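Trainee: For reference, the sequence and a predicted model appear below.
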Amino acid sequence: MNKKILLHCGFLLSFIACLSVVYNYRGATPTIPKDFHDITPMQTDSEFDWIAVLGKHPQFKPEEQPVIADEPIMRTGIENSTLIGVIPDAPAVAIVFSAKSTKVVRIGLGEKWLEDWVLINVESDHVIWQNEKTHEKYLQKLFVNEKKNESLLSSTVIH
């Protein structure tokens, strides 16, 4: 008798377990990937223009972009040229980068360059130019001394 009750209880538990599985079974639900974003604009019933209102607030005003000229301003003259090398031996030559033509130019001792400037002296670390019209002399140095405040590349006018 105990075996019959035990057998019936076992069948009953198995039957309940099967019913529970069938009852709780759900089909596969479609999942939206985490990297999926709906970018359709949200439709609202409001006709209020929030962009215009926020645009009037100083925090949200777009910054005005400066107008840039189409052509770059080219600085010309001996002050805007760069001495990039010297050859102090005979024949003495100064190697200069011209801001006007963006080319490297070799100028010999006594040769004229730019607006009436003549190369009159070539040393190992500087050259001296002289203006033919004003007789003004211009010292142009080769190297930059970054440890001191004095710039050896900056040129000075010699009177």
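Mentor: In hand now; what should we look at? Numbering: from 1, shown residues only.
Trainee: how close does Asp89 sit to Leu109?
Mentor: From Asp89 across to Leu109, the span is 11 Å (Cβ to Cβ, to the nearest Å). (Each C-beta comes from the backbone N, C-alpha and C, glycine too.)
Trainee: I misspoke; the intended subject was Lys4.
Mentor: In terms of Cβ to Cβ, Lys4 sits 128 Å off from Leu109.
Trainee: ok, these two, which is more surrounded?
Mentor: Leu109 (17 against 8; other Cβ atoms under 10 Å).
Trainee: Could you pull up phi and psi at the residue lying closest to that one once chain neighbours are set aside?
Mentor: The shortest distance from Leu109 to any non-neighbouring residue, by Cβ to Cβ, 6 or more residues apart in numbering, is to Ala92 (4.3 Å). With angles defined as degrees, to the nearest 10, Ala92 shows backbone torsions of phi -70, psi 130.
Trainee: what's the burial count for Ala92?
Mentor: 17.
Trainee: repeat for His135
Mentor: 8.
Trainee: Now do the SS call for it.
Mentor: Assigned by DSSP: H, G, I helix; E, B strand; the rest coil, the conformation of His135 is coil.
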